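In: I would like to see how this sequence folds:
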Amino acid sequence: MTKNTPPLVCGHCRRTFTRPKPTGRTPVYCSQKCRSASYRGRTAAPAAPRSYDDDVVRIGRALLTKAQALDHSARHRVPALPLEIVECCVALRRDLDDITAVATRHAHANGATWPQIAKIMTTSQSTLKSNYSAEKVDKILAKRADRGPARLRRPATLRSGERTPTISRASPLLPGLPGYALSRALSYLGRSSVHLTIRELAAGTGVSTSYIYRIMSGERTPTWDVAAAFARACDADPDDLTFLWNTAHALATPPPADGQTYPEAVHALQAALRGLRLAAANPEIPTLLRRGTAPLTVGSATALLDSGIPAPGFLEWPVVKALTTALQGDPDTIQPLWERLHTLAGRAHDTPGGTAGGASLPAEAFG
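Out: Numbering: from 1, shown residues only. Modelled structure (predicted):
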């Protein structure tokens, strides 16, 4: 080969090489190894293009969760947290950027052409192909995976007298789902405890700071021990979360324990109502009266949310139902607690002396 012969570029590895001999056909590959690798690449069955179906659903659900969190923060503002809505917007924008990238690849994988996508997004085809290439979208999904995928969890056991440890489970922050009220109550407790930083709250609860954020956002439903420790760290009564915790794990109200007294049944009902009040961001009594209907009054609402035994007239089901509705709760889930109380009141009425916990019960106690 003469000195003026330019170097060749391998068709596989793209490295330069010199021609081994001056005669014959010009070689395309630098070695037999590159030649064989290139042949395998040309003859291998093409991989099926990624559809991104599951990714669109997963990110869409996360986007809906954060939008619901923003809605709740906007409607139930905490003056001590002026940046909370801004933080929600930042998280929402990140998910919106991610799902835009994934949706673009999803549309292309399902038959949409680049010109069609460019027209809808009012941008050029070259910008789309550059910003939403398969490699860049895969990196976005990889980063989301690094932030922590949801783990499989065992079903919870009923929280009654014994606090049996359970594995926590994911709880999307959506109204109507079992874990929504508990996540809202924990979120309110954490947000309103301005004397605690997230790090201090995590230390008092015995979990990591990232897990505290996930509890408060509804991405995780804690075990009972964690929920109770969270409440104590926020100077709240863990009993107020019992009903919400059982509901979050889709558990029915447990049967009354042997020897349960009327005051204990009243306390369970009041604690459940106080839990619903926490989930509603602790509205004032006048606010509840505007939301509720007759026969709810200032006196009945105050007595039912207090820790003392209310007057029997305040324990009638129409009053309890009206307060539950004003607290944005489901009366059907509260009714079993009221029926248990009603049953214990009836037993006390049938016993000599007609007392429950030492207090005389007039006829109004029985509806």
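
In: pretty sure A202 sits against Y213.
Out: No: counting by C-beta atoms under 8 Å, A202 does not reach Y213; the two are 9.1 Å apart. C-beta here means a position set from N, CA and C on the backbone, and glycine is covered the same way.

In: more neighbours, those two?
Out: A202 (20 against 14; other C-beta atoms under 10 Å).

In: give me the phi and psi for that one.
Out: When read as degrees, to the nearest 10, the backbone of A202 gives phi -60, psi -40.

In: point out where the stretch 51-200 of the chain drops to low pLDDT.
Out: Within the stretch 51-200 of the chain, the segments meeting pLDDT under 70 span 72, 76-81, 147-176.

In: which ones are touching S73?
Out: 84-85, 88 (C-beta atoms under 8 Å, 6 or more residues apart in numbering).

In: please apply the same query to A231.
Out: By C-beta under 8 Å, 6+ apart, the neighbours of A231 are 189, 237-238, 240-241.

In: if we can go back for a sec, nearest to G275, of the contacts of S73?
Out: Nearest to G275 among the contacts of S73 is E84, at 22.0 Å by C-beta to C-beta.

In: give me phi/psi at the closest one?
Out: Torsion angles, degrees, to the nearest 10, at E84: phi -60, psi -40.

In: quick check, it in contact with R191.
Out: Yes: with contact defined as C-beta under 8 Å, E84 and R191 form a contacting pair (6.9 Å).

In: so how far is the one helix or strand S36 maps to from its chain's centroid?
Out: Under the criterion of DSSP states H and E, S36 resides in helix 32-43. Averaging C-alpha positions (C-alpha atoms, centre = their mean, to the nearest Å) puts helix 32-43 50 Å from its chain's average.

In: also stretch 108-118?
Out: Per C-alpha atoms, centre = their mean, the displacement of stretch 108-118 from the mean C-alpha position of its chain is 33 Å.

In: just the strands from the stretch 251-367 of the chain, written as ranges.
Out: Applying DSSP state E, counting those that start in this stretch to the stretch 251-367 of the chain gives strands spanning 355-356, 359-360.

In: picking up where we left off before, neighbour-wise, which one of the contacts of S73 leads?
Out: Neighbour-wise, the contacts of S73 (other C-beta under 10 Å) top out at C88, 20 neighbours.

In: roughly how far apart are that one and D71?
Out: 9 Å (C-beta to C-beta, to the nearest Å).

In: again, but for D54
Out: Computed with C-beta to C-beta, the distance linking D54 and D71 is 26 Å.

In: cool, and G259?
Out: Taking C-beta to C-beta, one finds G259 at 45 Å from D71.

In: between the two, point out the one with more neighbours.
Out: Taking G259 and D71 together and counting by other C-beta under 10 Å, D71 has the greater number of neighbours (13 against 6).

In: which helix or strand lies directly C-terminal to the helix or strand hosting the more buried one?
Out: Assessed by DSSP H and E, D71 sits inside helix 53-75. Sequence-wise, the next helix or strand downstream of helix 53-75 (DSSP H and E) is helix 84-109.

In: how about G11, nearest residue that isn't a chain neighbour?
Out: V28 (4.5 Å; C-beta to C-beta, 6 or more residues apart in numbering).

In: for the one you found, give me its contacts.
Out: 10-11, 35.

In: redo those as JSON lines? Include distance to K136.
Out: JSON lines is the format used below for those (distance: C-beta to C-beta, whole Å):
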{"residue": "C10", "distance to K136": "28"}
{"residue": "G11", "distance to K136": "27"}
{"residue": "R35", "distance to K136": "32"}
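
In: among those residues, which ones are buried?
Out: Buried by 16 or more other C-beta atoms under 10 Å: C10, out of those.

In: out of the contacts of V28, the closest to A107 would be?
Out: The closest of the contacts of V28 to A107 turns out to be G11 (C-beta to C-beta; 33.9 Å).

In: quick check, the closest one in a strand?
Out: No: G11 sits outside any strand when classified using DSSP: H, G, I helix; E, B strand; the rest coil, being coil.
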